[in-house]
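Student: Sequence first, then the predicted structure:
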Amino acid sequence: MSLVLETPRLILRQFCAADLEPFVAYRNDPEVYRYQGWQIPYLRVDGENFIQQIKQSVPGTPGEWLQLAIVPRGGTALVGDVAFHITRTNPRLAYLGYSLSRSAWGQGYASEAVSKLVDYLFRVLDIHRVVADCDVKNSASIRLLERLRFRREAHYLESYWWDQEGTWGSEYLYALLQREWILR
Ligand SMILES: CC(C)(COP(=O)(O)OP(=O)(O)OC[C@H]1O[C@@H](n2cnc3c(N)ncnc32)[C@H](O)[C@@H]1OP(=O)(O)O)[C@@H](O)C(=O)NCCC(=O)NCCS
């Protein structure tokens, strides 16, 4: 089943084979993977497996992550992805993720894409609460979440092993409720 979301400047759609090159390229960019959990180097075969697997995903299946490719209108090449995960234990709770290739930073694309995804989660899938966590040093991600008026609810100290830096990382947890988004 295919899912397409549209914003004034972007199309968010499911991944296809043509996304492989740019996807693998930004997954190997140290500025993009710095706060992310995937293994480096991110091989071409990793990207092929990822795309193959995600093409079979049914959007909104509890317990699975679904990545959507972000493509500027009028273009074909993806510039990043947004992702969501609906928890297996409660299908009205969701997590968010997002990555943009470096050349697409600083244009408001991530805010536009994440905002659309959040709207879809609350209004279409009837999600009650959306959560995102990010490293306390990831200032661009913190700015994005606060721009969308996510609430910082927790500060976890040395809560994950930050493989890229070989040390413990600390995280903020941000959340937003459906009624807060709808009543805005
Ligand atoms: C997190 C990430 C997606 C944020 O990307 P971004 O481009 O900074 O975020 P936005 O798309 O919201 O763009 C906002 C910036 O664009 C600027 N901008 C330019 N034109 C704009 C427009 N039309 N609308 C909105 N903002 C615009 C804003 O002023 C803002 O700049 P600032 O951050 O210097 O204040 C990006 O840094 C990234 O991919 N990082 C690596 C992966 C990662 O860490 N993911 C998160 C894990 S928790």
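Tutor: Yep, that arrived.

Student: Could you report the pLDDT at the closest residue to the ligand within the chain?
Tutor: Of all residues in the chain, the one sitting closest to the ligand is Gly108 (2.3 Å; Cβ to the nearest ligand atom). Backbone N, C-alpha and C define where each C-beta goes, glycine included. We have a pLDDT of 98 for Gly108.

Student: Remind me which helix or strand Leu176 belongs to.
Tutor: strand 167-177 (DSSP states H and E).

Student: So in that sheet, which strands flank that strand, and in what orientation?
Tutor: Strand 167-177 pairs in its sheet with strand 129-135 (antiparallel), strand 151-162 (antiparallel), by DSSP bridges.

Student: Just name the most buried of those.
Tutor: Most buried of the strands paired with strand 167-177 by mean neighbour count (mean count of other Cβ atoms under 10 Å) is strand 129-135; its value is a mean of 20.

Student: that older thread, can you redo the strands paired with strand 167-177 as JSON lines, where the extra columns are mean pLDDT?
Tutor: Listed next are these as JSON lines, based on pLDDT from 0 to 100:
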{"stretch": "strand 129-135", "mean pLDDT": "98"}
{"stretch": "strand 151-162", "mean pLDDT": "97"}
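
Student: measure stretch 120-135 end to end?
Tutor: Taking Cα to Cα, to the nearest Å as the measure, stretch 120-135 stretches 25 Å from start to finish.

Student: Close to the ligand: what parts of this protein are there?
Tutor: 32, 35-36, 98-100, 105-111, 134, 138, 140-141, 143-144 (Cβ under 6 Å from any ligand atom).

Student: Narrow those residues to those in strands?
Tutor: 98-100, 134 (DSSP state E).

Student: The protein: helices as residue ranges?
Tutor: 20-27, 30-33, 44-55, 109-119, 139-147, 178-182 (DSSP state H).

Student: now the angle between strand 167-177 and the fifth one, please.
Tutor: Relative orientation of helix 139-147 with respect to strand 167-177: 20 degrees, computed using axes from the mean of the first three to the mean of the last three Cα atoms, to 10 degrees.

Student: mind checking how far helix 139-147 is from the chain centre?
Tutor: Put simply, helix 139-147 sits 13 Å off its chain's centre (Cα atoms, centre = their mean, to the nearest Å).
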